[in-house]
Structure formats: structure tokens, C-alpha cells
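>>> Give me a 3D structure for the following:
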Amino acid sequence: MTAPDQASPAGQEVPPTCYRHPDRETWVSCVRCGRHACPDCLRQAAVGQQCVECVRGAGQGTRQARTAFGGRPVATAAVTWTLVGLNVVLFLVELAVPSLATDWGMLGYARTSFSGPLQGVAAGEWYRLITSAFLPPATGLGGLGFLDILFNMWALVVVGPSLEQMLGRVRFLTVYLLSAIGGGVAFFLIGQSYVIALGASGAVFGLFGAWFVVARKLRLDVRGIVTIIAINLAFSLFYRSTIAWQDHEGGLIVGALTTAAFAYAPRKNRTVIQVAAAVAILAVMVVLVIFRSHALMSQLGG
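Just a heads-up that it's a prediction; the model follows:
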């Protein structure tokens with residue numbers, strides 16, 4: 001499990017050398033700081049291999065230690081567990097206040113009561129694109145809502161810590177939130193405007209897409225994550241009458257695109273390019289929502 005982050009040997013004339021031993025050629029790099037290192041200067045870590053300085057937690061050289069994707073190395077999965085806690089707390093709040101599902105759920109443009117006003121994203125309630133990702137279907141402990149949050153939180157705990165370690169906290173949280181919004185946008189674009197959708201599946205599928213991109217970049221085995229994605233997509237399409245498959249696919253696409261922008265950004269001005277890419281992805285989604293909102297309001301005479 002190594003982390004070569006430059007072109008393959010066949011595509012580069014001058015091989016990189018170890019940062020501590022300039023006379024030793026190596027194509028292997030530390031998964032935390034990205035520096036190329038020879039076998040004597042690498043240590044096996046939980047994910048990939050790390051140079052001796054990162055293992056010591058030093059970073060006392062000429063630059064601060066960074067992950068292979070530009071983030072700050074982290075020892076704990078604080079963001080992952082915070083997201084899990086937030087989802088669980090809001091699920092319990094939803095059990096006590098069922099109307100929260102109607103007020104915060106993903107709704108395109110419709111009336112939630114016979115004589116009530118038109119509501120939804122097209123009516124200006126854009127917050128639904130993100131709040132819906134923190135609430136499961138409102139079916140209580142014995143229904144789909146409990147199974148939904150159980151699966152999503154299990155997937156978040158399985159995939160989240162490793163991704164957070166490799167991407168860094170800020171980039172990991174960015175992928176999660178953009179994936180959540182991406183799922184809501186996809187449902188808004190091609191789902192039924194009068195149906196309320198809930199759940200963290202879009203964000204979780206985004207993490208699946210992120211893991212695939214990271215694994216490809218680090219040349220890890222991707223068969224496991226591809227199998228998970230394929231099974232879950234097939235399941236959501238088979239039960240498309242009760243599952244918001246649009247949310248799943250939207251989150252998957254946005255998560256993979258965002259992570260690809262992070263993973264393949266060139267070293268020079270990497271952070272600037274990564275921020276610009278994330279802002280660009282968000283801007284595209286905003287434009288799509290504006291056009292879809294206009295179309296729905298025209299159809300319904302809003």
C-alpha cells in the first residue's frame with residue numbers, strides 16, 4: 001500500500017529521489033506529506049506508508065507535514081464522529097417532533113397542506129438541500145427511518161475515519177457537505193417535486209465515490225468499494241419507488257468529482273486550486289437549482 005503521486009516510470013524521464021537520500025531513486029511517497037522516500041525511510045501505517053518524520057510527528061523540516069492530498073495530518077476522526085453524533089441527535093429530535101421532516105425535508109415545490117402556501121426549494125427554501133441530509137425518513141424506530149440511519153451511520157464509521165486521515169478534516173468535511181448538497185440537487189432536478197426525501201445517503205454515497213478516487217490515486221485495490229457501490233446502486237434502483245435513487249447518484253458523482261479535484265490538483269498552488277474547484281462545483285449546483293426553480297414556478301404558476 002504505497003502512495004506514488006507522480007507519473008509512472010514510463011511517463012517521466014528523471015525518477016524522483018528519496019528526500020533523505022538524494023542518491024536513491026524511488027517512486028514511493030509518504031501518504032501524509034507526499035515526499036518521496038526510499039524503503040529505509042518509510043514505515044508501514046494504518047493506511048499506506050509514512051516517512052520517518054511524519055511517524056515521529058515531527059514535521060521539523062523545511063515544510064509542515066501534509067497528507068498526500070494537501071490536508072493537515074490528523075490522529076483522530078473528530079469530524080466523522082461529530083457527523084455521526086449530529087445525525088443521531090437529529091434523528092431523536094425528529095422522533096419527538098415529527099413535523100421536522102416536513103419542515104426540513106427535501107421538497108421541490110408543493111403544498112404540504114391543502115390550503116397552505118407553496119413550499120420547497122423552488123419557493124426559496126434552499127436550506128432543505130442540506131438539512132434533509134441530516135434527517136432519516138420519519139418512520140420511527142420500527143420502520144425505514146431506523147434502517148436508513150443505521151446503514152448510513154455504519155457506512156460513515158467504516159469509510160469516514162480513513163478518508164478523514166488521508167484528506168484532512170477540512171477537505172473531508174467539504175466532500176461530505178458537497179455530496180449531501182449534490183444528492184439534494186439531483187433529486188430536485190429529476191425527482192418528483194411534490195415528494196419529500198430524507199436521509200444521509202447522498203453524503204454517504206459521496207464518500208464511497210471519494211474512497212474510489214483516493215484508492216485509485218494511491219494505487220490501492222478498488223474492487224471492494226466498486227462492489228459496495230454497485231450493490232447499493234442496484235438496491236436503490238430496484239426499490240426506486242421507496243428510495244430516492246437520484247439522491248444516491250447525485251451524491252456519488254459530486255463526491256467523486258470533488259475528491260478528484262483534491263487528489264489530482266498539482267502541487268504548485270494546490271490549496272488555491274482545490275478551493276477553486278470546490279467553489280466551482282458548488283456554483284454549478286447553484287445555477288442548476290436556479291434554472292430548475294424557475295421551471296417549476298412557471299409550471300405551477302408560482
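>>> the strands in the stretch 51-200 of the chain, which residues?
With strands called from DSSP state E, counting those that start in this stretch, the stretch 51-200 of the chain shows them at 110-111, 118-119.
>>> could you check the distance from Asp40 over to Cys51?
Per CB to CB, to the nearest Å, Asp40 is found 10 Å from Cys51. The C-beta positions use only the backbone N, C-alpha and C, and glycine is treated the same way.
>>> So between these two, which is more surrounded?
For Asp40 versus Cys51, the count of surrounding residues by other CB atoms under 10 Å is larger for Cys51: 28 against 10.
>>> ok so, going back, nearest to Ala77, out of the strands of the stretch 51-200 of the chain?
With CB to CB as the measure, strand 118-119 is the member of these nearest Ala77 (36.4 Å).
>>> now that closest one: how far from the chain's centre is it?
30 Å (CA atoms, centre = their mean, to the nearest Å).
>>> which strands and helices sit next to that strand?
Under the contact criterion of 3 or more CB pairs under 8 Å, 6 or more residues apart in numbering; DSSP states H and E, strand 118-119 touches strand 110-111.
>>> Need the residues that contact the strand it packs on.
117-120, 193-194 (CB atoms under 8 Å, 6 or more residues apart in numbering).
>>> got it, and stretch 206-217?
Residues from elsewhere that reach stretch 206-217 (CB under 8 Å, 6+ apart): 3, 5, 68-69, 155-156, 159-160, 162-163, 166-167, 175-176, 178-180, 182-183, 220-222, 225-226, 228-229, 232, 251-260, 263-264.
>>> Weed out the non-buried ones from those residues.
3, 5, 68-69, 155-156, 159-160, 162-163, 166-167, 175-176, 178-180, 182-183, 220, 225, 228-229, 232, 251-260, 263 (16 or more other CB atoms under 10 Å).
>>> Now, the residues you listed that are in helices?
Under the assignment DSSP state H, the buried ones among the contacts of stretch 206-217 contribute 155-156, 159-160, 162-163, 166-167, 175-176, 178-180, 182-183, 225, 228-229, 232, 251-260, 263 to helices.
>>> Report the residue spans of this structure with pLDDT below the cut-off.
Along the chain, the parts satisfying pLDDT under 70 run over 1-14, 46-48, 57-65, 112-113, 138-145, 300-302.
>>> for it, longest helix please?
Ranked by residue count under DSSP H, the longest helix found in the chain is helix 270-300.
>>> Any buried residues in it, and which?
273-275, 277-278, 281-282, 285, 289, 292-293, 296, 300.
>>> how far out from the middle of the chain is that helix?
17 Å.
>>> same for that helix, what does it pack against?
Short answer (3+ CB pairs under 8 Å, 6+ apart): helix 270-300 packs on helix 169-190, helix 245-263.
>>> Of those helices, give the one that comes closest to Cys18.
Closest of the helices and strands packed on helix 270-300 to Cys18 is helix 245-263, at 23.0 Å (criterion: CB to CB).
>>> Direction-wise, compare that closest one with helix 169-190 and give the angle.
Interaxial angle, helix 245-263 versus helix 169-190 (axes from the mean of the first three to the mean of the last three CA atoms, to 10 degrees): 140 degrees.
>>> Please export the alpha-carbon coordinates of helix 245-263; CSV is fine.
What follows is helix 245-263, C-alpha atoms only, in CSV (Å, rounded to 0.1, in the frame of the first residue of the first chain):
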residue,chain,number,x,y,z
TRP,A,245,-32.1,6.9,-6.0
GLN,A,246,-31.5,10.3,-7.5
ASP,A,247,-30.0,11.4,-4.2
HIS,A,248,-27.6,8.4,-4.2
GLU,A,249,-26.4,9.0,-7.7
GLY,A,250,-26.0,12.8,-7.2
GLY,A,251,-24.0,12.4,-4.1
LEU,A,252,-21.8,9.7,-5.7
ILE,A,253,-21.0,11.9,-8.7
VAL,A,254,-20.3,15.1,-6.6
GLY,A,255,-18.2,13.2,-4.1
ALA,A,256,-16.1,11.6,-6.8
LEU,A,257,-15.6,14.9,-8.7
THR,A,258,-14.7,16.9,-5.6
THR,A,259,-12.2,14.3,-4.4
ALA,A,260,-10.7,14.0,-7.9
ALA,A,261,-10.1,17.8,-7.8
PHE,A,262,-8.4,17.4,-4.4
ALA,A,263,-6.4,14.3,-5.3
